[in-house]
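J.: got a predicted structure here, sequence first:
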Amino acid sequence: MRRLNTWLAEKIANGVATMWCAYIFAAIALISLPRAIKSADTIIIVSWIAQTFLQLVLLSIIMVGQKVHSKNLENTINETHAASLAEFELAKEAQIRGSQELAEIQSISKDLHTLMREIEAKLSR
């Protein structure tokens, strides 16, 4: 049952979160506009604007906006992730180069110590 509910909710949300749905809702809301205007009652007109038009139409528009924002955020996250991975690879390469250079310095240092001992041994004879 939970899978059915999730599937149905996803289908409805994907359908409502379109500008076409907003246009359809606007058309539906406009059907009652002439009657609201004809009533000449400020409360009815304000109610029509707030409760009929805005709620019905803005629902879809807000969902479209959230969908666009979500996609932009997902793209930003993916770009950040890719950049982080690239920087991590650069750091790994730098660490490898640093280790190689350290090994070379240690080898040179060892050679220098060996030479210094040989020179000391020759001088002390």
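T.: Cool, the structure landed.
J.: next one: stretch 17-27 to chain centre, how far?
T.: Relative to the chain's own centre, stretch 17-27 is displaced by 26 Å; criterion: C-alpha atoms, centre = their mean, to the nearest Å.
J.: correction: stretch 89-105
T.: 33 Å.
J.: do the same with stretch 64-81
T.: Remark: stretch 64-81 is offset 4 Å from the chain centroid, using C-alpha atoms, centre = their mean.
J.: give me the contact list for it.
T.: Residues outside stretch 64-81 that contact it (C-beta atoms under 8 Å, 6 or more residues apart in numbering): 17-19, 22. C-beta coordinates here come from the backbone N, C-alpha and C atoms, glycine included.
J.: what separates the lengthiest helix in the chain from the chain centre, distance-wise?
T.: Longest helix in the chain by number of residues, with DSSP state H as the criterion: helix 55-124. Put simply, helix 55-124 sits 22 Å off its chain's centre (C-alpha atoms, centre = their mean).
J.: rounded mean pLDDT for it, please.
T.: Averaging pLDDT along helix 55-124 yields 93.
J.: one step back: out of the contacts of stretch 64-81, which are buried?
T.: Buried members of the contacts of stretch 64-81, counted by 16 or more other C-beta atoms under 10 Å: 17, 22.
J.: possible to save the contacts of stretch 64-81 as TSV with distance to Ala121, secondary structure and pLDDT?
T.: Formatted as TSV, these follow (distance: C-beta to C-beta, whole Å; DSSP: H, G, I helix; E, B strand; the rest coil; pLDDT from 0 to 100):
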residue	distance to Ala121	secondary structure	pLDDT
Ala17	85	coil	88
Thr18	88	coil	90
Met19	89	helix	92
Ala22	92	helix	91
